[in-house]
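Participant: please work out how this folds:
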Amino acid sequence: MQSSILTRSPNLRSAPRRWLVCLDLQRDYVIPGRPRYTAGNADVASTCARVLGLARAQSWRIVHSQVREEDSTAWPRELFRAPIEGLRPLITEPVFFRRELSAFANAGFAAELRAARGAEVYLIGFSLADTCLATALAGVDEGLSLTLVDDAIGMGDEPAEAAATRTVLRRFVQLQSSRRLEAHELEPVF
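Facilitator: Numbers count the residues shown, from 1 in each chain. Next up is the predicted model:
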């Protein structure tokens, strides 16, 4: 029997789908003068765009969670809660709104992510010391295998706070750079 280069190995077809969780990819984090803005967030948003592009190209399951505060319906607040240009969710990518720190506080998000058990789940977005920390730890409690894309996570103003958060998270989740993730995706699979 001849093999074709178009045929895939059964092992490749049964590989679990990867997931990408995008936290708070909202304009409030990248517009100078806004309360959640910090220097360096524009670079983080660019890295998030690269990772999001990679995930879309590889047909990962992509899920967004965004903070929505009680007063976010009044102009101009909703303008700053809008997604960052270039990081807008596609129609096929669900968006879950929450008022709490952890994305898992939204029952729909938690139900969606239960399907990710046994798969690789990557996390990008803002902000490491609160939303990312709370969501990552809740994800571990849900039985997920999480990897934070370290350079695609907004750190906030306090370097000491970010370092302490990383120290806590290292015990529960993996940390990986976007460059390493991209290199891993380009490696040939035999």
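Participant: which residues in the protein form helices?
Facilitator: Listed in chain order, the helices found in the chain under DSSP state H are 10-13, 41-57, 77-81, 107-114, 133-141, 159-170, 178-186.
Participant: for this protein, which strand is longest?
Facilitator: As assigned by DSSP state E, the longest strand anywhere in the chain is strand 145-153.
Participant: what sits against the closest residue to residue 56 other than its chain neighbours?
Facilitator: The shortest distance from residue 56 to any residue that is not its chain neighbour, by C-beta to C-beta, 6 or more residues apart in numbering, is 6.9 Å, and that residue is residue 62. From N, CA and C alone the C-beta is placed, and that goes for glycine too. Taking C-beta atoms under 8 Å, 6 or more residues apart in numbering as the contact definition, residue 62 lies against 19-20, 22, 52, 55-56, 89-90, 92-93.
Participant: show me what contacts the residue nearest to residue 137 when sequence neighbours are not counted?
Facilitator: Taking C-beta to C-beta, 6+ apart as the measure, residue 137 lies nearest to residue 172, with 6.4 Å between them; neighbours along the chain are not counted. Residues in contact with residue 172 (C-beta under 8 Å, 6+ apart) are 136-137, 140, 146.
Participant: now that we have those, which one has the most neighbours?
Facilitator: Scoring the contacts of residue 172 on neighbours with other C-beta atoms under 10 Å, the highest-scoring entry is residue 136 at 28 neighbours.
Participant: please look at residue 143 and residue 117 and confirm they touch.
Facilitator: Yes - the pair formed by residue 143 and residue 117 meets the contact definition of C-beta atoms under 8 Å, at 5.2 Å.
Participant: give me the number of residues near the closest residue in space to residue 115 that isn't next to it in sequence?
Facilitator: Leaving aside its chain neighbours, residue 115 sits nearest to residue 61 (7.9 Å; criterion: C-beta to C-beta, 6+ apart). Residue 61 has 19 neighbours, counted by other C-beta under 10 Å.
Participant: which ones are touching the closest residue to residue 31 other than its chain neighbours?
Facilitator: Taking C-beta to C-beta, 6+ apart as the measure, residue 31 lies nearest to residue 37, with 5.9 Å between them; neighbours along the chain are not counted. By C-beta under 8 Å, 6+ apart, residue 37 lies in contact with 28-31.
Participant: ok, residue 114 next?
Facilitator: Under the criterion of C-beta under 8 Å, 6+ apart, the contact list for residue 114 reads residue 142.
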